[in-house]
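Asker: Structure here, sequence nowhere to be found:
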């Protein structure tokens, strides 16, 4: 059952979101799942300044029931348009990432879109697959999924 008070929406990233994103990426279980190390505050803020400063990037805050649940981005890397997301651990398992990715896909018209997940991040792979991505290639660490 979908409760509209817990509806997922996307909006532009604002400065007050960054401390929340920072806290999300400090969670050790999340960093292990994503196979991506957390950053110290200064490095994190510099990274986001760079991301937000590139007009080719699409950056969105994920809201769930009015609360900041995470972030979603789309960027160009090695000639491919990629998508990525980070959801606060307290929001896992609620379908938020899948709903947010569907919204981003509707907003970003570029195809193909790609998403990379490490082998053990089954949840993130399922998010991509639920949104129509299929495995394009694999390497020793993970899967590159593609949406045509």
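Answerer: On my side now, so go ahead. Since this is a predicted model, take the numbers as computed values, not measurements.
Asker: what distance separates stretch 19-26 from the middle of the whole chain?
Answerer: Chain-centre distance of stretch 19-26: 13 Å, with C-alpha atoms, centre = their mean, to the nearest Å.
Asker: Same question for that stretch: list its buried residues.
Answerer: Of the residues in stretch 19-26, 21-22, 24-25 count as buried by neighbour count, 16 or more other C-beta atoms under 10 Å. Bear in mind the C-beta positions are built from the backbone N, C-alpha and C, glycine included.
Asker: cool, and stretch 41-53?
Answerer: 44-45, 48, 52.
Asker: Would you map the strands across this structure?
Answerer: Counting by DSSP state E, one finds strands in the chain at the ranges 8-12, 58-64, 67-77, 80-87, 113-118, 134-138, 142-147.
Asker: how about a markdown table for the buried residues of stretch 19-26, with pLDDT and distance to residue 89 added?
Answerer: Below are the buried residues of stretch 19-26 laid out as a markdown table (pLDDT from 0 to 100; distance: C-beta to C-beta, whole Å):
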| residue | pLDDT | distance to residue 89 |
| --- | --- | --- |
| 21 | 98 | 13 |
| 22 | 97 | 14 |
| 24 | 96 | 7 |
| 25 | 96 | 10 |
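Asker: Closest one to residue 88 out of those, please.
Answerer: The closest of the buried residues of stretch 19-26 to residue 88 turns out to be residue 24 (C-beta to C-beta; 4.3 Å).
Asker: What's the separation between the closest residue to the closest one other than its chain neighbours and residue 58?
Answerer: Leaving aside its chain neighbours, residue 24 sits nearest to residue 88 (4.3 Å; criterion: C-beta to C-beta, 6 or more residues apart in numbering). From residue 88 across to residue 58, the span is 20 Å (C-beta to C-beta, to the nearest Å).
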